[in-house]
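Asks: Need coordinates for the following:
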Amino acid sequence: MNASDTDLALIERFLDMAFAELGLAKNTLLAYRNDLNQCAAFLAQQKLGLLSASRADLLGFLAKRQQEGVHARSNARCLSALRHAYRFFLRERLRDDDPSALVRSPKLPKGLPKALSETEVESLLKAPDVTDPKGLRDRAMLELMYAAGLRVSELCALSINEINLRQGALRVRGKGSKERLLPIGEWAIDWLQRYLNEARSVLLRGKPSELVFVSNRGGPVLRQRFWLMIKKYAAQVGVIRPVTPHGLRHSFATHLLNHGADLRALQMMLGHSSLSTTQIYTLVAKEGLKRLHQQHHPRG
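Replies: Numbers count the residues shown, from 1 in each chain. Purely as a prediction, here's the structure:
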């Protein structure tokens, strides 16, 4: 059974508020819409709606998702959507209680980020054929992503007016439309300059674009395409473990910490709103120290 028209209208009303007041990213809003629509459809089967559901009803919905194999992180995001929505309903006096308030969040596994070694990153960066315009673009993208710890969405959306090669800095708009200024090193500057001078106009084929990185048809480089590109280059240089764009971002953070970077500075560079999100990288650094001790200490 589909969600009722009343609930669908309520969800859209909430999402309009979430976009305007909470500044949630587009992908988060899409995920929230999907989660809330699924909840409303589940409630409709019980002849209920979002404004009449109880705590037990929400628990039943989340339990059903878990039984269907939905990952704990997805269920945690779904509960976050419900909590935000019910706070909105309370504020708008559509309900006088919040059935999501006493629902516990699912326990999430504390997995460590999968970072590449510095040697593996070096091999990956050198993989593209820079005699080809697409290869030169790919080299510049990889160098910049590793130099600045960008999210793949930030890399693909980067515009010409957001880079300043003379100052060696980028202005990036991240999650929730929050801006941050990032330094980039000489290697990334050199490869980016070379790409802009030699390859970008060839790829554009006379088409106008504000984007820094463009496809061979002059359009944007899609995130999925960049993911496949990294996977191809990793296989090409013999990196056996799975490699993703986010893995390159993890490598940026881990390598900075290994070389003595301050955690607060790393938080600013990664664009994390909470320091607790950044602190997981200290676990990665500790794991590296443990391996170093076991390998080289006489009683390791």
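Asks: got a pLDDT number for L125?
Replies: L125 is assigned a pLDDT of 95 by the prediction.
Asks: same question, E154
Replies: E154 is assigned 89 on the pLDDT scale.
Asks: Past the helix or strand hosting it, which element shows up next along the chain?
Replies: Take DSSP states H and E as the rule and E154 turns out to sit in helix 152-157. Per DSSP H and E, the first helix or strand lying C-terminal to helix 152-157 is strand 163-164.
Asks: Can you spell out which helices and strands pack onto the helix holding E154?
Replies: Applying 3 or more Cβ pairs under 8 Å, 6 or more residues apart in numbering; DSSP states H and E, we find helix 152-157 packed against helix 133-148, strand 169-173, helix 223-236, helix 245-258. Just so you know, the C-beta spots here come from the backbone N, C-alpha and C atoms, and that holds for glycine as well.
Asks: Apply 6 Å and report the result again.
Replies: Counting contacts by 3 or more Cβ pairs under 6 Å, 6 or more residues apart in numbering; DSSP states H and E, helix 152-157 is packed against helix 223-236.
Asks: and the helix holding E154, how far out from the chain's middle?
Replies: Computed by Cα atoms, centre = their mean, to the nearest Å, the chain-centroid distance of helix 152-157 equals 10 Å.
Asks: Three-state assignment for K114, please.
Replies: K114 falls in the coil class when you classify it by DSSP: H, G, I helix; E, B strand; the rest coil.
Asks: about what we covered before: residues making contact with the helix holding E154?
Replies: Outside helix 152-157, the residues that touch it by Cβ atoms under 6 Å, 6 or more residues apart in numbering are 145, 172, 174, 221, 223, 226, 245.
Asks: Just the closest of these to A18, please.
Replies: Relative to A18, the closest of those is G174; by Cβ to Cβ it sits at 17.4 Å.
Asks: Can you get me a residue count around that closest one?
Replies: 18 (other Cβ atoms under 10 Å).
Asks: Same check on E143?
Replies: 21.
Asks: before we move on, back to that, in PyMOL, select just the buried ones from the contacts of helix 152-157.
Replies: Here is the PyMOL selection string for the buried members of those, based on 16 or more other Cβ atoms under 10 Å:
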select buried, resi 145+172+174+221+226+245
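Asks: Need the worst-confidence member of the contacts of helix 152-157.
Replies: G174 (73).
Asks: give me the low-pLDDT residue ranges for the stretch 101-250 of the chain?
Replies: Residues of the stretch 101-250 of the chain meeting the criterion pLDDT under 70: 108-113, 176-177.
Asks: at 90 what do you get?
Replies: The model of the stretch 101-250 of the chain has pLDDT under 90 over residues 101-118, 147-151, 153-154, 166-183, 185, 216-218, 223-224, 239-250.
Asks: does S100 really touch H84, like I thought?
Replies: No: assessed by Cβ atoms under 6 Å, S100 is found out of contact with H84, at 9.0 Å.
Asks: So L181: helix, strand or coil?
Replies: Following three-state DSSP, L181 is assigned to strand.
Asks: That one: neighbouring residues, count only.
Replies: The number of residues packed near L181 is 13, by other Cβ under 10 Å.
Asks: what residues are up against it?
Replies: L181 sits next to 169, 171 when contact means Cβ under 6 Å, 6+ apart.
Asks: What separation do you get for it and Y146?
Replies: L181 sits 18 Å away from Y146, taking Cβ to Cβ, to the nearest Å as the criterion.
Asks: Same question for V152.
Replies: Between V152 and Y146 the computed distance is 12 Å (Cβ to Cβ).
Asks: Name the residues that touch the strand or helix carrying D57?
Replies: Following DSSP H and E, one finds D57 within helix 55-67. Here helix 55-67 makes contact (Cβ under 6 Å, 6+ apart) with 39, 42, 75, 99-100, 102-103.
Asks: Among those, name the buried ones.
Replies: Burial by neighbour count, 16+ other Cβ under 10 Å: within the contacts of helix 55-67 this picks out 39, 42, 75, 99-100, 103.
Asks: JSON lines please, covering the residues you listed and showing secondary structure.
Replies: Putting these into JSON lines (three-state DSSP) gives the following:
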{"residue": "C39", "secondary structure": "helix"}
{"residue": "F42", "secondary structure": "helix"}
{"residue": "N75", "secondary structure": "helix"}
{"residue": "P99", "secondary structure": "coil"}
{"residue": "S100", "secondary structure": "coil"}
{"residue": "V103", "secondary structure": "coil"}
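Asks: what's the farthest-apart pair in these?
Replies: Farthest pair in those, by Cβ to Cβ: N75 and P99, 16.2 Å.
Asks: domains of this structure?
Replies: Listed domain ranges for the chain are 5-91, 123-296 (source: automatic domain parsing).
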